[in-house]
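Undergrad: one predicted model, sequence on top.
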Amino acid sequence: MQPSLDFVYQSLPHHVLFGAGKLAEVKSQVERVGSRRAMVLSTPGQEELARRVAGLLGEWCVAIHPHAIQHVPYETVKAAMKDVHQHNVDLLVAVGGGSTVGLAKGVALETKLPILAIPTTYAGSEMTHIWGISKDGHKTTGRDSVVKPACVIYDPELIVSLPPAMSLTSGVNAMAHAVEALYAQNQSPIASMMAEESIRQLALGLPRVVAQPGDVEARATSMYGAWLAACVLDMVGMALHHKLCHTLGGSFGMPHAETHTVILPYAIAYNASSIGNALSRMARALGCEPMQVASTVQELSRQNGGPTSLRELGFEEKNLQRASELAAQKSYPNPRPVVQEDILFLLQQAWSGALPQQA
Ligand code: NAD
């Protein structure tokens with residue numbers, strides 16, 4: 001059934017270069033942005049890549065800041081700002097995953113400097129105007145167009161080094177954005193079209209990436225799916241799945257992408273009875289029947305060595321009750337009403353890794 005055509009469509013401007021070898025164009029993009037004093041940011045583990053990018057920029061790179069860490073602690077933003085001021089930086093070049101892009105966003109929020117992002121995971125932060133900073137044990141998130149990268153270079157050759165296990169969970173993390181976009185309260189036909197294609201490309205690409213991590217074509221397929229997912233994440237609001245993952249990550253220290261991978265099939269199963277059209281689109285993208293969407297997503301993880309239970313991620317059973325209370329505390333848009341007892345059942349299922357039961 002066609003959903004009613006009644007929507008608001010908003011997309012912030014963006015400039016994207018996509019393709020194997022596109023990193024070579026980084027200097028021309030810095031020039032296009034109008035910068036001559038770039039600082040390259042990365043995690044300590046990706047410093048070598050940061051140095052390679054700095055080399056491509058030559059005299060236009062005035063600093064390298066390889067100190068990004070998970071969850072963007074405010075102290076890391078302050079440290080990066082010190083380098084920004086010391087070197088009179090006019091552009092932040094973020095090379096890496098969501099943590100590195102997140103650090104650049106934290107700095108941009110304070111300084112209004114533009115960002116050029118070169119993603120090396122499927123997380124998708126590079127396409128959004130969403131920021132997140134941790135301070136005093138809490139992660140605060142917000143939306144501000146100033147943090148949205150002015151330019152994004154997707155080069156599938158750069159993601160070849162992401163280990164298969166991380167590729168799988170990072171890819172399912174991306175898929176979760178597309179899944180929730182299909183039943184978002186502020187969904188639009190454009191976002192839904194991109195979301196369905198995102199699921200299709202990720203489901204096609206990820207098994208090939210896990211089997212052959214060096215297959216650049218498979219990396220491009222999954223990166224394309226992740227890009228589409230990131231676009232829709234920026235356009236529409238997320239629902240139950242993201243609320244659960246945020247709760248498990250924020251209050252119980254659960255790992256980001258792995259938790260998304262475990263929870264997604266259960267979130268789909270929870271909402272299945274209320275998302276007929278969205279479920280059909282997911283089924284079409286995954287090549288299965290609508291009633292099999294949740295189990296197909298779980299199989300994607302299982303067959304490719306990904307986690308399927310919170311137990312295997314180290315979550316303690318005694319915390320399930322508290323997690324369900326926290327996740328049901330505040331109301332937020334979700335196709336099926338969020339009822340604490342039902343969320344507890346969902347989490348119990350996810351803890352044990354049971355087959356997700358679509359209502
Ligand atoms: P990450 O950036 O923390 O990277 C994980 C690890 O992988 C790091 O050690 C990194 O150095 C390494 N790594 C990254 N790319 C690699 C590669 N190609 N080869 C080898 N190692 C590589 O993880 P992530 O999953 O990309 O990002 C997660 C974070 O991003 C979370 O904090 C999440 O909240 C945030 N996020 C934000 C948004 C947003 O819109 N603001 C969207 C998605 C995710």
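TA: It's in.
Undergrad: any weak-confidence spans in the chain?
TA: Filtered on pLDDT under 70, the chain yields the residue ranges 1-3, 359.
Undergrad: name the nearest residue to the closest residue to the ligand within the stretch 51-200 of the chain, sequence neighbours excluded.
TA: Ranked by Cβ to the nearest ligand atom, the top residue of the stretch 51-200 of the chain for proximity to the ligand is G98, at 1.9 Å. Quick note: C-beta positions are derived from backbone N, CA and C, even for glycine. Closest residue to G98 apart from its sequence neighbours, by Cβ to Cβ, 6 or more residues apart in numbering: A123 at 3.7 Å.
Undergrad: list the residues that contact the one you found.
TA: A123 makes contact with 97-98, 101, 170, 173-174, 226, 230, 256-257 under the criterion Cβ atoms under 8 Å, 6 or more residues apart in numbering.
Undergrad: in the helix or strand hosting A176, what's buried?
TA: Element membership of A176, judged by DSSP states H and E, is helix 164-182. By 16 or more other Cβ atoms under 10 Å, the buried positions in helix 164-182 come out as 164-182.
Undergrad: can you tell me which of those are up against the ligand?
TA: With Cβ under 6 Å from any ligand atom as the criterion, the subset of those in contact with the ligand comprises S170.
Undergrad: now the strands for this structure?
TA: With DSSP state E, the ranges of strands along the chain come out as 16-18, 38-41, 61-65, 91-96, 115-119, 130-135, 138-143, 151-154.
Undergrad: mean neighbour count and distance to V77 added to those strands, as a markdown table?
TA: Compiled in a markdown table, the strands of the chain are given as follows (neighbours: other Cβ atoms under 10 Å; distance: least, Cβ to Cβ, whole Å):
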| stretch | mean neighbour count | distance to V77 |
| --- | --- | --- |
| strand 16-18 | 15 | 26 |
| strand 38-41 | 29 | 11 |
| strand 61-65 | 22 | 11 |
| strand 91-96 | 30 | 11 |
| strand 115-119 | 26 | 13 |
| strand 130-135 | 18 | 6 |
| strand 138-143 | 12 | 12 |
| strand 151-154 | 24 | 21 |
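Undergrad: contacts for stretch 209-226, please.
TA: Stretch 209-226 is contacted by residues 18-20, 122-124, 154, 156-157, 159-160, 162-164, 167-168, 170-171, 174-175, 178, 197-206, 208, 304-305 when judged by Cβ under 8 Å, 6+ apart.
Undergrad: stretch 78-91 now?
TA: With contact meaning Cβ under 8 Å, 6+ apart, stretch 78-91 is reached by 30, 33, 35-39, 41, 62-63, 65, 67, 92, 103, 106-107, 110-111, 113-116.
Undergrad: not counting sequence-adjacent ones, nearest residue to M238?
TA: Of all residues not flanking M238 in the chain, E180 sits nearest, at 4.7 Å (Cβ to Cβ, 6+ apart).
Undergrad: let me see the contact set for that neighbour.
TA: Contacts for E180 (Cβ under 8 Å, 6+ apart) come out as 236, 238-242, 267.
Undergrad: helices along the stretch 1-150 of the chain, start to end?
TA: With helices called from DSSP state H, counting those that start in this stretch, the stretch 1-150 of the chain shows them at 26-33, 47-57, 74-86, 98-111.
Undergrad: out of these, deepest packed?
TA: For the helices of the stretch 1-150 of the chain, the largest average neighbour count (mean count of other Cβ atoms under 10 Å) is found in helix 98-111, namely a mean of 25.
Undergrad: tilt between that one and strand 138-143?
TA: Helix 98-111 and strand 138-143 are oriented at 70 degrees to each other (axes from the mean of the first three to the mean of the last three Cα atoms, to 10 degrees).
Undergrad: up against the ligand, what does the stretch 1-150 of the chain have?
TA: By the criterion of Cβ under 6 Å from any ligand atom, the positions of the stretch 1-150 of the chain lying close to the ligand are 43, 45-46, 70-71, 96-100, 102, 120-121, 123-125, 128, 130-132.
Undergrad: how about a cut-off of 5 Å?
TA: With Cβ under 5 Å from any ligand atom as the criterion, the stretch 1-150 of the chain meets the ligand at residues 43, 45-46, 70, 97-99, 120-121, 123-125, 128, 130.
Undergrad: near the ligand, which residues of the stretch 201-350 of the chain? Just list them.
TA: On the criterion Cβ under 5 Å from any ligand atom, the ligand has as its neighbours in the stretch 201-350 of the chain the residues 256-257.
Undergrad: all helices of the stretch 201-350 of the chain, in order?
TA: Per DSSP H, counting those that start in this stretch, the stretch 201-350 of the chain has helices spanning 216-235, 240-252, 256-271, 276-286, 293-303, 320-329, 340-352. These are given in chain order.
Undergrad: in TSV, list those along with mean neighbour count.
TA: Formatted as TSV, the helices of the stretch 201-350 of the chain follow (neighbours: other Cβ atoms under 10 Å):
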stretch	mean neighbour count
helix 216-235	24
helix 240-252	21
helix 256-271	26
helix 276-286	21
helix 293-303	20
helix 320-329	18
helix 340-352	18
